[in-house]
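**Student:** here's my sequence, what's the structure:
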Amino acid sequence: MEITATQHDIENRHSVNDVYLGEGVVFTGTMVVPNRAVIAGTFNGELDAQSVLIKAAGKMSGRTEADDLDVYGQLSENVRSKNLLTIRQTGQVNGTLTYAEMEIEQGGQFVGVMQQVS
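**Tutor:** You can find the predicted model right below:
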């Protein structure tokens, strides 16, 4: 029997050391997340995580650093992706961006200054 995960399953799975900021929740401050941070609400401040998923309703501003960033919502100010930054069709990234690899889907938006690092 073959079991396959849908994109919805992948986006909505949570495990130990993950943080989920729900829709309608506003957080201001600093957060260090050992695994994955899922932002569906509003986050203002500094976020360090292994991976970050910003859902379509999510808004992240401040300093964001992660190995992998997956943006369906809004991400602004200082962004650093050590591995892969993906800007989805509904995603918007504004500000200063440092990245190793980047993918922008048709409809995704980036405005600002970017620098690729190895």
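**Student:** pLDDT wise, what is Arg13 at?
**Tutor:** Predicted confidence (pLDDT) for Arg13: 58.
**Student:** strands of this structure, start to end?
**Tutor:** Using DSSP state E, the strands found in the chain span residues 19-21, 26-39, 42-54, 59-71, 74-87, 92-104, 109-116.
**Student:** elements contacting the fifth one?
**Tutor:** Using 3 or more Cβ pairs under 8 Å, 6 or more residues apart in numbering; DSSP states H and E, the elements in contact with strand 74-87 are strand 59-71, strand 92-104. C-betas here are computed from N, CA, C, even on glycine.
**Student:** what pairs with it, parallel or antiparallel?
**Tutor:** strand 59-71 (parallel), strand 92-104 (parallel) (DSSP bridges).
**Student:** before we move on, what about the second one?
**Tutor:** Sheet pairing here is set by DSSP bridges, and for strand 26-39 it gives strand 19-21 (parallel), strand 42-54 (parallel).
**Student:** need the winner for burial among those strands.
**Tutor:** strand 42-54 (a mean of 20; mean count of other Cβ atoms under 10 Å).
**Student:** pLDDT of that one, averaged?
**Tutor:** Strand 42-54 shows a mean pLDDT of 98.
**Student:** ditto for stretch 70-87
**Tutor:** Per-residue scores along stretch 70-87 average to 98.
**Student:** please compute how far it lies from its chain's middle.
**Tutor:** 5 Å (Cα atoms, centre = their mean, to the nearest Å).
**Student:** so of the helices and strands packed on strand 74-87, which one's packed in deepest?
**Tutor:** strand 59-71 (a mean of 21).
**Student:** what's in contact with it?
**Tutor:** 37, 39, 41-54, 73-88, 91-93, 108 (Cβ atoms under 8 Å, 6 or more residues apart in numbering).
**Student:** to Ser118, which of the helices and strands packed on strand 74-87 lies closest?
**Tutor:** Shortest distance between Ser118 and the helices and strands packed on strand 74-87, using Cβ to Cβ, is found for strand 92-104: 6.7 Å.
**Student:** return the angle between stretch directions for the closest one and strand 109-116.
**Tutor:** Angle of strand 92-104 versus strand 109-116, following axes from the mean of the first three to the mean of the last three Cα atoms, to 10 degrees, is 60 degrees.
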